[in-house]
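Colleague: Sequence first, predicted coordinates after that:
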Amino acid sequence: MLRDGIFYYRPGRPALIAMLVVSLAATVTEASLIRRGLLVAAIVVAALAVVAEMAGQQARLRGIRQELRAGGGAA
């Protein structure tokens, strides 16, 4: 692992950050749409968020697997 002060690189971290951003954006958007009475649009946003979360999880696992294959592992 690369260490840089108190922060250090973990495989899959960029995907995790992207998943958190997608989740937050979807939650805010859904709430806004529901408040305006656009329930169908909110459901579509929720479905798209689920697809994006699944893609993010796959990317995160791919990064972790690559690190493990390269000889990395839990310290």
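Modeller: In hand now; what should we look at? Residues are numbered from 1 along each chain as shown.

Colleague: what about residue 63, how many residues close to it?
Modeller: Using other Cβ atoms under 10 Å as the criterion, residue 63 is surrounded by 17 other residues. For every residue, glycine as well, the C-beta is placed using N, CA and C.

Colleague: Can you pull up the most central residue in this structure?
Modeller: If you average the C-alpha coordinates of the chain and look for the closest C-alpha using Cα atoms, centre = their mean, you land on residue 19, 1.4 Å from that point.

Colleague: gap between residue 40 and residue 46?
Modeller: Using Cβ to Cβ, to the nearest Å, we find residue 40 at a distance of 11 Å from residue 46.

Colleague: Which one's more surrounded, those two?
Modeller: For residue 40 against residue 46, the residue with the higher neighbour count under other Cβ under 10 Å is residue 46, and the figures read 14 against 9.

Colleague: show me where pLDDT drops low in this structure?
Modeller: Low-confidence segments of the chain (pLDDT under 70): 1-9, 72-75.

Colleague: quick one, strands of it?
Modeller: Here the chain has its strands, by DSSP state E, at 3-4, 7-8.

Colleague: All the helices of this structure, residue numbers only.
Modeller: In chain order, the chain shows helices spanning 13-35, 39-69, with DSSP state H as the criterion.

Colleague: Point out the other helices and strands that the shortest one packs with.
Modeller: So the one you mean is helix 13-35. Contacts of helix 13-35 with other secondary structure elements, assessed using 3 or more Cβ pairs under 8 Å, 6 or more residues apart in numbering; DSSP states H and E, are made with helix 39-69.

Colleague: What is the burial count for residue 55?
Modeller: Summarising burial for residue 55: neighbours were counted as other Cβ under 10 Å, giving 14.

Colleague: same thing with the one 4 residues further on?
Modeller: In terms of burial, residue 59 registers 16 neighbours under the definition other Cβ under 10 Å.
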